[in-house]
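Asker: Just need the structure, nothing else, for what follows:
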Amino acid sequence: MSLNVTYQLRSFRVKTTPGTILNEVLTNACDHFGLDASSYQLYHGTKLLDLSLPVRLTGLAQGAKLELKVGKAVGNVTLRFSFVGRTLNVDSKFLVLTVKSSDTIRSVLVLLGKNIGMDLSSENFTIQSFSLRISPGPDFDKPLSSLGLSSGNSVMRLVFEAQGPTTKSEKKVSSPSSSAIPTSAPATETHQDIKDTPNHDSTVVKDTEAGEKSTKAHIFQAQAFKPSSNRIHSSQDDDEVYELSVDQALKYQAILSKQAHASPMMRRLAEEKKKNAKKIDNCHIRIRFPDHSNLELTIDASITLKQLCSILTTDFLSLNEEEKNAQNAFNLYIPHPHQILNTTANMNKRLDSDLKFGPRILLLYESANKVSKSSYLKPEYLKDAKSIEDAPDVLRDREIEMGVDSTPVSQSPVSAVDQSSFESPTNSSLKKKVPKWLKLGKK
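Answerer: Model prediction:
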């Protein structure tokens with residue numbers, strides 16, 4: 001499904017799904033036209049659209065025309081909160097708040113915590129509204145209008161993560177050290193404490209291991225490459241190589257005519273073939289830095305762009321404290337066409353299905369402040385870095401350029417159909433009946 005967004009006689013088609021929030025449509029359109037999304041609204045005819053709703057609840061048809069108009073989201077929003085993973089003995093009226101669209105998410109959470117008597121700043125949870133998920137961090141400092149909440153009513157869910165054992169075992173562990181001369185009565189308590197301490201230690205170890213696995217669970221392979229010290233010589237081909245022969249022109253003409261005059265059945269078969277194409281599980285991403293060093297990652301293709309940026313920030317990039325605390329410390333670009341990838345609208349999109357990443361892709365890295373550095377990767381990766389000339393694809397291209405065929409001849413046998421074309425006709429083929437209209441006389 002797609003929607004057409006117009007602005008000053010210009011049009012932009014935004015691809016959507018039934019669960020796409022209209023605020024993402026607005027952000028994508030403003031990024032295309034180079035506008036500030038906070039200063040514009042979406043209209044369908046004369047109707048102002050609610051940006052917090054998904055496409056399936058707006059009643060918009062396929063190819064509907066929307067218009068960008070100047071206007072800021074100012075108004076009161078009524079929010080109804082629900083808790084997932086926690087049970088609260090609180091009256092439901094305390095879970096309903098009426099706030100301004102200019103209020104930040106953090107200030108709304110502080111107000112909600114006062115109503116229910118709970119300190120939400122120390123809790124680990126994510127906010128969910130339809131298909132939109134917001135994790136703790138800089139996103140909590142954004143106003144509600146950045147989520148498309150400008151007026152009306154909306155529901156937000158606070159999804160709490162499952163926690164391990166309570167702090168009772170910690171209290172029991174500290175009790176033996178506090179008693180210098182144990183008596184017979186607390187002896188049983190200390191005996192029980194000794195049984196509890198291994199379980200507590202194992203849970204702490206498991207939590208730390210789970211934290212390490214959560215950051216690197218999606219990384220299958222990582223390798224850094226240094227720029228080549230040898231100068232790359234450009235190949236000097238003869239002009240005859242680029243001359244188009246008649247046979248090549250006829251072949252190219254046949255391909256173009258087949259694409260232009262394809263029947264509806266052929267088009268439908270081609271679309272079904274694209275839909276039934278095998279989904280990729282792993283994606284090989286090569287990130288090229290301004291100093292011509294490269295980082296090649298083999299990661300799970302089902303992760304989101306936000307997870308990829310988090311993996312780069314925590315595990316691979318050499319960043320100072322100011323860059324770590326910044327919302328956007330760097331930008332990732334697609335080479336052709338040269339456009340920024342890690343925009344706000346793309347952060348929660350999957351690499352394979354939403355961003356259409358293939359098995360291999362090249363991304364360009366650029367610092368947000370555009371200040372050059374001596375090194376962009378951490379020292380432990382630069383220490384084991386290889387030369388870019390040793391990369392598998394570079395070695396493969398070099399073999400092809402030198403005319404070396406690494407595939408043995410025995411692995412590519414000629415098919416039986418091709419061999420039959422070189423064999424002489426047998427007696428059985430001559431004995432086949434030939435129709436009268438096909439027989440050629442000598443006259």
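Asker: Check which residues of stretch 144-156 are buried.
Answerer: Neighbour-count burial for stretch 144-156, counted by 16 or more other Cβ atoms under 10 Å, picks out Leu144, Ser145, Ser146, Leu147, Gly148, Leu149, Ser150, Ser151, Ser154, Met156. Where you see a C-beta, it was placed from the backbone N, CA and C, and this is true even at glycine.
Asker: avg pLDDT for it?
Answerer: Average pLDDT, stretch 144-156: 78.
Asker: Now do it: everything it contacts.
Answerer: The contact list for stretch 144-156 (Cβ atoms under 8 Å, 6 or more residues apart in numbering) reads 21-23, 26, 37-38, 50-53, 72-82, 99-105, 108, 127-129, 132, 134.
Asker: all helices of the stretch 201-350 of the chain, in order?
Answerer: 246-260, 264-275, 305-311, 321-325 (DSSP state H, counting those that start in this stretch).
Asker: quick revisit: give me the subset of the contacts of stretch 144-156 that lies in strands.
Answerer: Mapping the contacts of stretch 144-156 onto strands (DSSP state E) picks out 76-82, 99-100, 127-129, 132, 134.
Asker: So which residues of the stretch 251-400 of the chain form strands?
Answerer: For the stretch 251-400 of the chain, the strands defined by DSSP state E, counting those that start in this stretch cover 282-288, 294-300, 330-334, 339-340, 360-367, 386-387.
Asker: Direction included, what does the fourth one pair against?
Answerer: The one in question is strand 339-340. Next to strand 339-340 in the sheet, as set by DSSP bridges, lie strand 330-334 (antiparallel).
Asker: likewise the fifth one?
Answerer: Using DSSP bridges, the strands paired with strand 360-367 in its sheet are strand 282-288 (parallel), strand 330-334 (antiparallel).
Asker: okay, the ones you listed, which one's buried deepest?
Answerer: Of those, the one with the most neighbours on average (mean count of other Cβ atoms under 10 Å) is strand 282-288, at a mean of 20.
Asker: Let me know the angle separating that one from strand 294-300.
Answerer: On the basis of axes from the mean of the first three to the mean of the last three Cα atoms, to 10 degrees, strand 282-288 is oriented at 160 degrees to strand 294-300.
Asker: which residues are contacting strand 282-288?
Answerer: 220, 294-301, 308, 312, 332, 351-352, 357-365.
Asker: Same check on stretch 125-137?
Answerer: 19-21, 52-54, 85, 105, 124, 140, 147, 154-161, 348.
Asker: returning to what we had before: TSV for the ones in strands among the contacts of stretch 144-156, including pLDDT, neighbour count and distance to Ser2?
Answerer: As requested, the ones in strands among the contacts of stretch 144-156 are exported to TSV (pLDDT from 0 to 100; neighbours: other Cβ atoms under 10 Å; distance: Cβ to Cβ, whole Å):
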residue	pLDDT	neighbour count	distance to Ser2
Asn76	82	12	33
Val77	81	23	29
Thr78	86	14	32
Leu79	85	19	31
Arg80	81	13	32
Phe81	85	20	34
Ser82	82	13	33
Val99	86	17	34
Lys100	84	15	34
Ile127	86	20	28
Gln128	80	16	26
Ser129	78	18	23
Leu132	76	18	20
Ile134	81	17	26
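Asker: Save these as JSON lines, and put in distance to Ala385 too.
Answerer: Below are these laid out as JSON lines (distance: Cβ to Cβ, whole Å):
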{"residue": "Asn76", "distance to Ala385": "56"}
{"residue": "Val77", "distance to Ala385": "51"}
{"residue": "Thr78", "distance to Ala385": "55"}
{"residue": "Leu79", "distance to Ala385": "50"}
{"residue": "Arg80", "distance to Ala385": "53"}
{"residue": "Phe81", "distance to Ala385": "49"}
{"residue": "Ser82", "distance to Ala385": "49"}
{"residue": "Val99", "distance to Ala385": "51"}
{"residue": "Lys100", "distance to Ala385": "52"}
{"residue": "Ile127", "distance to Ala385": "40"}
{"residue": "Gln128", "distance to Ala385": "41"}
{"residue": "Ser129", "distance to Ala385": "43"}
{"residue": "Leu132", "distance to Ala385": "39"}
{"residue": "Ile134", "distance to Ala385": "37"}
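Asker: which of those residues lies closest to Leu250?
Answerer: When those are ranked by distance to Leu250 (Cβ to Cβ), Leu132 comes first, at 53.9 Å.
Asker: Could you give the bridge partners of that closest one?
Answerer: Bridge pairing for Leu132 - DSSP bridges - gives Ser129.
Asker: rewinding a little: out of the contacts of stretch 125-137, which are buried?
Answerer: Among the contacts of stretch 125-137, those classed as buried by 16+ other Cβ under 10 Å are 20-21, 52-54, 105, 140, 147, 154, 156-158, 348.
Asker: from the residues you listed, which single one is nearest Lys275?
Answerer: Checking the buried ones among the contacts of stretch 125-137 against Lys275 by Cβ to Cβ gives Thr20 as the nearest, at 18.9 Å.
Asker: excluding its backbone neighbours, what's nearest that closest one?
Answerer: Nearest residue to Thr20, sequence neighbours excluded (Cβ to Cβ, 6 or more residues apart in numbering): Val55, at 5.2 Å.
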